[in-house]
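> Below are the sequence and a predicted model; questions follow.
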Amino acid sequence: MKLARRIYALSIIPIISVLLALLVGAILIILTSPVSQGELDLLLPIKAYEALLEGATGISFLDTDDGTLAFAFSIDPDRAARALTSTLVAAGPLVLTGLAVGVGFKAGLFNIGGTGQVLVGGIFAALAGAAVAEQPVPVAVTIAVLAGAFGGALYGFIPGALKAFTGAHEVVVTIMLNSLAAFVIIGLVNDIFKITGPTFARTADVGNAVLPVLFGRDGNVGILIAFAMVPIAYFLIYRTTLGFEIRTVGANPSAARYAGMSPRRLIILTLSMCGLFAGLAGAIIILGPSLGYYPAVFGTTIGFAGITVALLGRSHPVGIAFAALLLGGMNAGAPAMQIVADIQREIIDVIQGLILLFLAMEVVIRRVLRVRAESIAPEELQTVSASYGQGSTT
Amino acid sequence: MTQIVTAPALEMRGITKRYPGVVANDGIDLEVRPGEIHALLGENGAGKSTLMNILYGLATPDEGEIALDGNPVQISGPSDAIARGISMVHQHFMLIPVLSVADNILLGEETMANPIFLDRNEAHRRIVELGKRFGFEIDPEVKVGSLSVGWQQRVEILKALYREARILVLDEPTAVLTPQETKEIFEVLRRLAAEGHSIIFISHKLYEVLEIADRITVIRRGKVVGQRVPSETDEDDLAALMVGRNVQLIVDRGESHPAEPRLVVTDLRVNDDRGHEVVKGVSFEVRAGEILGLAGVAGNGQEELVEALTGLRKPISGTVELGDRNVTGTGPRDLQKAGMSFVPGDRHRFGLILTFPLEDNLVLTQYDEAPYSRGFLRNDAAIHARAKEAIAEFDIRTPSATVNAGTLSGGNQQKTVVAREFSRKLTALVLDQPTRGLDVGSIEFIHKQVIAKRDQGAAVLLVSAELDEVMELSDRVGVMYRGELVALLDAPTAEREEVGLLMATGRRDQAALAEATTSMTADLHLAEGGAEPPTTRTHVPPPPPQAGNDDDGSTSS
């Protein structure tokens, strides 16, 4: 009962935010329908969202075969399996970048460096994977994945150390490190690590380090790695003394110092850990069955999507897992929506942006909709606003 | 006071306000006459703040009515209250330190020359005139941040008068003042009353209430339990009314048996955050089994001194010895292991994590020790068991051990800190403002605990802006003034007036007395020196007007 109340209090605002974002998205779809469909189509959002749902889960609730709309619930098992696989594949890295941001929030840190940490993790995994390409699969995969995690952790350590010892704000530093990682890696892959053969610049194949496929076309070990981090992160944050220290520093750095904790150590440790999660995300993308090498053109927005995931999941590992599934599902279903309803898939980015916007408007939503649930420590929002306001938390 | 038969300036009848699980106000009647200073007395959580929030339009009563000058009114919000001539001077000043006195007063009540520009000349004229009328001349162009606390309070009062307030509510106005400043503010209040203003005076300090009030209404657990006239009551009577039992106002501190020096401070110099030296070569020793009290107006270096002693701030020179160890510059963790306990002055900043459960707060400085931690794991069962024990032992009034510390009343929050710090194995105890903002019942409890620790052989350093507390508890009394320890007296022979004078001027002769009582220049002088007025307090937002979240919260009853 108490747990149910707590879950309600934590999840009501994210749920309302998603619904509002879908609502506004629907209005946008209607307003743009004269361009996309040639006429104003009031029912287009229903078709679009249905296609999205079907693309993400295989569940269909419309029968559009004869050109009219009729409600008809159906699940095609094959299609559902394919759809859910691609949802999980898309959600895996999002879980990790969500944790990369959410764990940081727990310590009062705003890690915008997910993108850079993903790239560094990816290149570390690619190079290590290529080096052990001939080793037996379990060995090769383990080494390549750990190399990716290490690379990300290293790239999180840098802003952590800079903040701890010089007070340099992690938001500024990580934004700059994102660009640094992107361009240095492009240079490296185009030059030093480029292999001859392919028509485009990329690193060598990782061979046996490719993540084994467990189910479907590309349902691979990376999904397990990603979701395994959810209970690990939960345990770390809520069940260990280190997690208590991290949460204390996040909630009240002065009190943490008073209690004998070392905010410096915790800042470095936490940002390294955030980097580790993001690095793992890079590793499971690069080592995934659809790549298996690092292409010079590799660019990704999942580092930033991690911010939405963390905020939507209320920085709680379980919430982050659900948020990643939701966003992963949207990404997985977007192509189907584009084909079926003929709507540009970018509308999904717009909706995800709107989710973030409504989450940030928590106070307004509470007032307008008279949400009765107590507000449970929106510490992540405070961290975000503090990042732009008063600066350093040490 | 002349008793003319007129309608009361304010009448609150049968005010009832229920919050989930608690009746904060239960049929309260309050009548304030024009020109009356009416004291409202009650423990934390008795319902004073709720009642005043209702008067100020921050809360709507479930039952009851409010009448101003005999006319029933509905007060819809603070701006409505102000428009009706009700003003509140909060305990934490609502002033912006970097703005001038005039700007602070004009905020929200702009005197306009035309639709675009302020009429500064007119505003200045009115501010100066109001000041003169009530006995304090103030320069409207002085920055509020450079004023002493006493003068900041006068700015708050001016703000109310500028808005033509007829009913002024003062919430613990003397909590941060020296005895001299208190006298001066009382003079101001008397003048206000003489001009027909009605004043509601909220305080915990019984002798002050007896000195200033025309009538006293006592509230306990949401009900009016009595009304008194100062000439017909005394402190013991009021305390018993407030708490509902007989209270020992002055703890029996017994005899101290000081042993060897335990905490020895030698020529300590400490900088503040801005790099100014605010502790200028302080030396003293606290012996095992004695209480050394440090009196001083807030902002005379005590805060930095305490932070340096407890490892939160590195001193620039000098030494601190604990037992026979030199602990200068040692961090909080090592000091705690060495047996030092610290009750910080700002419990919200240092002492508690308001968004954490009570039980986590009860082990905040022991979370890494057995049995609360096993290896790298938290032992939730042990933490929970400890919380149950501490709640019972220290009478922390809370619905459960898992509610957030922020929902407790101020007194119970402080008891939480005390429960945690006093339960450690300790050899030295540093107390910074241990009873700030607490009611007599809680103060009595904490004072008894302090004496008990002393008698068990702890060296106790008590730093307090509350002169009475220092005088009552200490075996020896030191006075801090502008970063120096200007006097170290034996408590039994020290005179309250003398210490008060030392606090205000750093000296104890007649010239100092004259200086302390002449208006603003002395205070400005005081503020300009090494002494930093505690302007940080002005940033503290008002407690949200919900149940259970303010100092008058519901959870304690």
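Alright, I've got the coordinates.
> what's the burial count for residue A:5?
11 (other CB atoms under 10 Å in any protein chain shown). Where C-beta positions appear, they are placed from N, C-alpha and C, glycine not excepted.
> Can you list the buried residues in the host helix or strand of it?
Per DSSP states H and E: residue A:5 is located in helix A:2-36. By 16 or more other CB atoms under 10 Å in any protein chain shown, the buried positions in helix A:2-36 come out as A:9-14, A:16-18, A:20-22, A:24-26, A:28-30, A:32-33, A:36.
> So for chain A, the centremost residue is which one?
residue A:94 (2.6 Å; CA atoms, centre = their mean).
> Mind pulling up the pLDDT for residue B:287?
At residue B:287, the model reports a pLDDT of 95.
> typo on my end, it should be residue B:533
So, for residue B:533, pLDDT stands at 41.
> now the one 4 residues further on
pLDDT, residue B:537: 37.
> circling back to that earlier point, can you tell me, leaving aside adjacent residues, what's nearest to the residue nearest to the centre of chain A?
Nearest-residue entry for residue A:94: residue A:324, 3.8 Å, with adjacent residues in sequence omitted and distances by CB to CB, 6 or more residues apart in numbering or on different chains.
> picking up where we left off before, report the mean per-residue pLDDT for the helix holding residue A:5.
Helix A:2-36 shows an average pLDDT of 89 in the prediction.
> right, is that helix up against chain B?
No - applying CB under 8 Å from any CB of the partner chain, one finds helix A:2-36 out of contact with chain B, separated by at least 8.9 Å.
> Report all helices and strands that whichever helix or strand comes after that helix contacts.
Later in the chain than helix A:2-36, the nearest helix or strand by DSSP H and E is helix A:44-57. Helices and strands touching helix A:44-57, as assessed by 3 or more CB pairs under 8 Å, 6 or more residues apart in numbering or on different chains; DSSP states H and E, comprise helix A:2-36, strand A:59-63, helix A:77-106, helix A:317-341.
> Which single residue of the stretch 251-394 of chain A ends up nearest chain B?
Residue nearest to chain B within the stretch 251-394 of chain A: residue A:260 (3.1 Å; CB to the nearest CB).
> hang on, the residue nearest to residue A:94 packs against residue A:313?
Yes - here residue A:324 reaches residue A:313: they are 7.5 Å apart, a contact under CB atoms under 8 Å.
> Same drill for the two, tell me which one is more crowded.
residue A:324 (33 against 30).
> residues from chain A in reach of chain B?
A:239-245, A:247-248, A:251-252, A:254-255, A:257-262, A:377, A:379.
> Cross-reference those residues with the helices and report the matches.
Among these, the ones falling in helices (DSSP state H) are A:239, A:241-245, A:247-248, A:251, A:254-255, A:257-258, A:379.
> Identify each buried residue in stretch B:125-132, please.
Neighbour-count burial for stretch B:125-132 flags B:126-127, B:130-131 (criterion: 16+ other CB under 10 Å).
> Quick check: phi and psi at residue B:284.
For residue B:284, the backbone dihedrals are phi -170, psi 170 (criterion: degrees, to the nearest 10).
> So which residues on chain B come close to chain A?
Applying CB under 8 Å from any CB, we find that chain B lies next to chain A at B:310, B:312, B:331-334, B:336, B:342, B:344, B:349-356, B:360, B:364-365, B:367-368, B:373, B:376-378, B:380.
> at 6 Å what do you get?
Within chain B, the positions lying close to chain A (CB under 6 Å from any CB of the partner chain) are B:332-333, B:336, B:349-350, B:353, B:355, B:364-365, B:367-368, B:373, B:376-378.
> Pick out the most distant pair among those.
For the residues of chain B next to chain A, the maximum inter-member distance is 28.9 Å, found between B:349 and B:377 (CB to CB).
> now residue B:41: how far from residue A:179?
Using CB to CB, to the nearest Å, one obtains 63 Å as the distance from residue B:41 to residue A:179.
> neighbour-wise, which of these two wins?
Neighbour comparison, residue B:41 and residue A:179: the larger count goes to residue B:41, with 28 against 11 (by other CB under 10 Å).
> secondary structure class for the more buried one?
strand (DSSP: H, G, I helix; E, B strand; the rest coil).
> Now do it, the pLDDT please.
Note on residue B:41: pLDDT of 89.
> where does the closest residue to it other than its chain neighbours land in three-state SS?
What sits nearest to residue B:41 in space, not counting adjacent residues and going by CB to CB, 6+ apart, is residue B:218, at 4.7 Å. What three-state DSSP gives for residue B:218 is strand.
> From residue B:348, how far out is residue B:447?
For residue B:447, the distance to residue B:348 - CB to CB - is 22 Å.
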